[in-house]
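Visitor: Dropping the sequence and predicted coords here.
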Amino acid sequence: MSPDYMDPLRENRSLPPFFDAFGMTIEEIDQDQVVVRVDVPDAFYTMYGAIHGGLLAAVMDTVGGMVVASHLTLADRTATHSFNLNYVSFVRERSCKCVGRLIAKAQNVATVEIEVLGNDGKLAVKAIGTFGIFRNKNRAEE
């Protein structure tokens, strides 16, 4: 079970404004995985009718950070160190899903696998991200 401070996220409350701008809705968030549905606004389609890769990259980076955050305390922080993604197919539908899972976590770094799937479940983008973990040294011991 992920920390209680994740409850507002599960209810899609207290989200940064770009979640709405990108059409992002959290469907699942716990320590096993994070699933975000993206109902893509018209502005994020290319002239070829596919979702822009930059939007997908931003969503994937966000989901990766959420995966790591679900393993931290409210006082701790995470930030992307590296992010490698491979586009394997276009997404032309009006929505898609982004799924992130923790691969490994040490004291100060975590590695996450993130995928974008079309509505048919077909893989569109696969990424591996490495995220720094910044512990708040002033927090009370748990």
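Guide: In hand now; what should we look at?

Visitor: Between the two ends of stretch 18-33, how far is it?
Guide: Taking Cα to Cα, to the nearest Å, stretch 18-33 runs 21 Å from one end to the other.

Visitor: can you give me the strands for the protein?
Guide: 24-29, 34-39, 77-87, 95-105, 109-117, 123-134 (DSSP state E).

Visitor: Mean neighbour count and mean pLDDT added to the ones you listed, as CSV?
Guide: Quick note: C-beta positions are derived from backbone N, CA and C, even for glycine. Rendered in CSV, the data for the strands of the chain read as follows (neighbours: other Cβ atoms under 10 Å; pLDDT from 0 to 100):
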stretch, mean neighbour count, mean pLDDT
strand 24-29, 17, 94
strand 34-39, 20, 97
strand 77-87, 14, 96
strand 95-105, 18, 97
strand 109-117, 21, 98
strand 123-134, 18, 98
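
Visitor: could you dump those to CSV with distance to Ala50?
Guide: Conversion of the strands of the chain to CSV gives the following (distance: least, Cβ to Cβ, whole Å):
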stretch, distance to Ala50
strand 24-29, 18
strand 34-39, 13
strand 77-87, 10
strand 95-105, 11
strand 109-117, 12
strand 123-134, 9
